[in-house]
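Engineer: Coordinates only, no sequence provided:
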C-alpha cells in the first residue's frame with residue numbers, strides 16, 4: 001500500500017482526495033513521500049527516513065512530491081469507473097501529445113496504469129503499459145465482441161498441451177529414435193522407464209519429444225537438434 005501512496009502528502013491533503021481513497025488516506029495520514037537526489041521513499045512524519053540510503057541525510061535536502069491536488073483526471077477516477085474501460089478499444093492521449101490505441105486488458109487500481117493489447121497481422125498480441133500519471137484522457141473507440149473478449153481473457157493463459165497415452169508416447173519415441181539413427185546421430189534411451197532419449201551424451205529429449213522438450217547446456221547443439229526435430233515433425237505431417 002505504501003508504494004501506491006508514493007508522492008502523496010497525506011497529513012495535509014487527505015480530505016481533498018476522492019471518497020473511495022479517504023479510508024486509506026486516513027489510516028496513513030502520518031506518512032509522507034519525500035524525494036532526495038532523485039530517490040523517493042515513504043516514511044512517517046518527524047521520523048528519520050530509512051527506505052533509501054540517500055534519504056538518511058538531512059531532511060532539509062528533501063522535498064515533498066506530488067500532492068493529491070496534482071493528480072490527473074484519469075488518476076482521480078474510481079476503480080468502478082476504470083472497470084468500464086476493460087475489454088474496450090480505446091485511444092489514450094498521454095503527455096507530450098503521445099497517443100496510443102489498443103484493447104484495455106486492465107487498469108491498476110493503485111497506480112492507474114493502463115495495460116493495452118493489440119492484435120498484429122500474424123495473429124499475435126503485443127502488450128503496451130502506459131503509466132497512469134502520464135494519461136491525460138482516454139477515449140473509447142469500440143466495444144469488444146465475444147470473440148475478442150475470449151482472446152483477451154485467455155491472453156496470459158498457457159496453451160493446453162495435448163495428452164498422449166503410454167502407447168502413443170512410446171510410438172513417438174521409437175519413431176524419432178529411428179529417424180535420428182538413420183541420420184547417423186547417436187541416440188540411446190535413458191531413465192527408469194526408458195522414456196528419455198539421450199543424443200550423443202550431451203542432450204536429452206523428454207516426452208512428448210518435440211523441439212521444446214530438448215535440453216542441453218550446449219546452446220549450439222541444442223539449436224541444431226531442435227531444428228532436426230522440427231524437420232522430423234514436418235515430415236510426419
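Structural biologist: Okay, I see it. Keep in mind the model is a prediction, meaning the values are calculated, not measured.
Engineer: Where does pLDDT dip in the protein?
Structural biologist: 1-70, 123, 158-161 (pLDDT under 70).
Engineer: try 90
Structural biologist: 1-72, 95-96, 109-110, 119-127, 146-166, 183, 191-194, 234-237 (pLDDT under 90).
Engineer: Now residue 233: closest residue in space, sequence neighbours ignored.
Structural biologist: residue 210 (7.0 Å; CB to CB, 6 or more residues apart in numbering). C-beta: built from backbone N, CA, C; applies to glycine.
Engineer: pretty sure the one you found contacts residue 234?
Structural biologist: No. In this structure, residue 210 is not within contact of residue 234 by CB atoms under 8 Å, at 12.0 Å.
Engineer: So between the two, which is more surrounded?
Structural biologist: The neighbour comparison of residue 210 against residue 234 (other CB atoms under 10 Å) goes to residue 210, with 17 against 8.
Engineer: Can you pull the phi/psi pair for residue 109?
Structural biologist: phi -70, psi -10 (degrees, to the nearest 10).
Engineer: Give me the neighbour count for it.
Structural biologist: With other CB under 10 Å as criterion, residue 109 counts 15.
Engineer: same deal with residue 190?
Structural biologist: If we define neighbours as other CB under 10 Å, then residue 190 has 15 of them.
Engineer: before we move on, what about the one 5 residues further on?
Structural biologist: Under the neighbour criterion other CB under 10 Å, residue 195 is assigned a count of 16.
Engineer: Look up the closest residue to it, ignoring the ones flanking it.
Structural biologist: Using CB to CB, 6+ apart, the nearest residue to residue 195 is residue 207, at 5.7 Å.
Engineer: does the one you found really touch residue 213, like I thought?
Structural biologist: Yes. In terms of CB under 8 Å, residue 207 counts as a neighbour of residue 213; the distance is 6.9 Å.
Engineer: between the two, which one's more packed in?
Structural biologist: Counting neighbours by other CB under 10 Å for residue 207 and for residue 213 shows that residue 207 has the greater number, 18 against 15.
Engineer: if we can go back for a sec, does the residue nearest to residue 195 count as helix, strand or coil?
Structural biologist: The three-state assignment at residue 207 reads coil, by DSSP: H, G, I helix; E, B strand; the rest coil.
Engineer: what does the one 5 residues further on give?
Structural biologist: For residue 212, the reduced secondary structure class is helix; criterion used: three-state DSSP.
Engineer: number of nearby residues for it?
Structural biologist: Neighbour tally, residue 212, other CB under 10 Å: 10.
Engineer: repeat for residue 227
Structural biologist: Using other CB under 10 Å: residue 227 sits among 11 other residues.
Engineer: give the contact list for it.
Structural biologist: residue 211 (CB atoms under 8 Å, 6 or more residues apart in numbering).
Engineer: Okay, and it sits in which element?
Structural biologist: For residue 227, the element it lies in under DSSP states H and E is helix 219-236.
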